[in-house]
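>>> need coordinates for the below:
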Amino acid sequence: MKNVTVITGGAGGMGLATARVLGRDHRVLICDVRQERLDAALAELRAQGIDCDASVCDITDRSAVDALVQRAAQSGTLASVVHTAGLSPQMAEPETIMKVNALGTVNIVEACLGHAREGFALVNVASMAAHMMPSLLCPTRAYPLALSDADTFLRRAVRRANLMPKALYRRGMAYGISKHFVIWLSRHSAARFGEKGARVLSVSPGSFDTEMGRLEEKSGSAEMLRTAALKRFGTPAEIAEVLAFCASSKAGYLTGTDILCDGGVIAGRRG
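Below you'll find the model as predicted:
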């Protein structure tokens, strides 16, 4: 049976670029919340000779995520899931950002764990924003609640974000917390995946030349490049190669950690 990989957010710039890379030797199942974006992405990938299918999926709906992963597992050997779907500060209010980025990732992790086997890999996309978050501002004591009491977790996380004085700052704080949580969840889940011979890790991209990345120029992403080691936006192809490598058997001993791929932005900030 052919190896299959699932890419959430697969119609977006980062997800679509990753589908092109993994599609070289995998059957690819991409998902997104918008059918028209999926139709365009599917047509492009198939025109490039990639064995690909698509599915509308809202990652905040656990039953929809379970169905997505089940569909992939039934179409071949489920080798990996690359979870790129998410919202940036310019795209939603704090509660929605937290539901999609944090609780949506919980759904992905739990659904994948049910199908994990020897050699399987889950790669969650976090963000360099998580590395900018002072630990004292992150409600880390509430993080475990996301696995047992999602409503309380959501309430505490949003309350922390809403301490910021301006709407843009509140959305930025919610985003940073949500991605800090993704890193925590990936690390926290490593042992459970390891029991099945499987891996889970996160990748934290910096500023990339995607639709979402350019949208965040309003939040100062381009300004941060002034002190970065590489003073440019990354390309979708560059981050796709990192994600594909992490999902592949070549990274078979890589789990429970976060890979920062930001062109040296954090290095520049820390001197």
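
>>> what's the biggest helix in this protein, counting residues?
Looking across the chain with DSSP state H, the single longest helix is helix 167-194.

>>> next one: phi and psi at Val265?
phi -70, psi -50 (degrees, to the nearest 10).

>>> for burial, what's the neighbour tally of it?
Neighbour count of Val265, defined by other Cβ atoms under 10 Å: 23. To be clear about C-beta, it is placed using only N, CA and C from the backbone, and glycine gets the same treatment.

>>> which ones are touching the nearest residue to it once chain neighbours are set aside?
Distances taken as Cβ to Cβ, 6 or more residues apart in numbering put Ala228 closest to Val265, at 4.4 Å, once the chain neighbours are dropped. Contact partners of Ala228, counting by Cβ atoms under 8 Å, 6 or more residues apart in numbering, are Gly206, Asp262, Gly263, Gly264, Val265, Ala267, Gly268.

>>> one more pass at 10 Å, please.
For Ala228, the contacting residues are Gly206, Ser207, Asp262, Gly263, Gly264, Val265, Ile266, Ala267, Gly268, Arg269, by Cβ atoms under 10 Å, 6 or more residues apart in numbering.

>>> so what pairs up with Cys261 in the strands?
Cys261 forms beta bridges with Pro205, as assigned by DSSP bridges.

>>> what number of residues lie near the closest residue in space to Ala116 that isn't next to it in sequence?
Spatial nearest neighbour of Ala116, excluding adjacent residues (Cβ to Cβ, 6+ apart): Ala198 at 3.8 Å. Look at Ala198: counted by other Cβ under 10 Å, it has 22 neighbours.

>>> next, the spatially most central residue of the chain: phi, psi?
Geometric centre of the chain, nearest residue: Val125, 2.6 Å, by Cα atoms, centre = their mean. Per-residue torsions, Val125: phi -90, psi 120 (degrees, to the nearest 10).

>>> excluding chain neighbours, what is closest to it?
Thr84 (4.7 Å).

>>> report the buried residues of stretch 192-208.
Across stretch 192-208, burial judged by 16 or more other Cβ atoms under 10 Å covers Phe193, Ala198, Arg199, Val200, Leu201, Ser202, Val203, Ser204, Pro205, Gly206, Ser207, Phe208.

>>> the fourth one: what secondary structure?
With DSSP: H, G, I helix; E, B strand; the rest coil as the basis, Val200 sits in strand.

>>> OK, contacts around the closest residue to Ala142 other than its chain neighbours?
Excluding the flanking residues, the one nearest Ala142 by Cβ to Cβ, 6+ apart is Arg156, at 4.1 Å. Residues counted as contacts of Arg156 (Cβ under 10 Å, 6+ apart) are Met98, Pro139, Arg141, Ala142, Tyr143, Leu145, Ala146, Asp149, Ile177.

>>> helix or strand: which one has the first one?
Pointing back at Met98 there. helix 94-98 (DSSP states H and E).

>>> buried set for that helix?
For helix 94-98, burial by neighbour count (16+ other Cβ under 10 Å) applies to Pro94, Ile97, Met98.

>>> next: stretch 167-184.
Of all the residues in stretch 167-184, those buried under the rule 16+ other Cβ under 10 Å are 170-184.

>>> can you check stretch 43-60 too?
Buried residues in stretch 43-60 (16+ other Cβ under 10 Å): Leu45, Ile50, Asp51, Cys52, Asp53, Ala54, Ser55, Cys57, Asp58, Ile59, Thr60.
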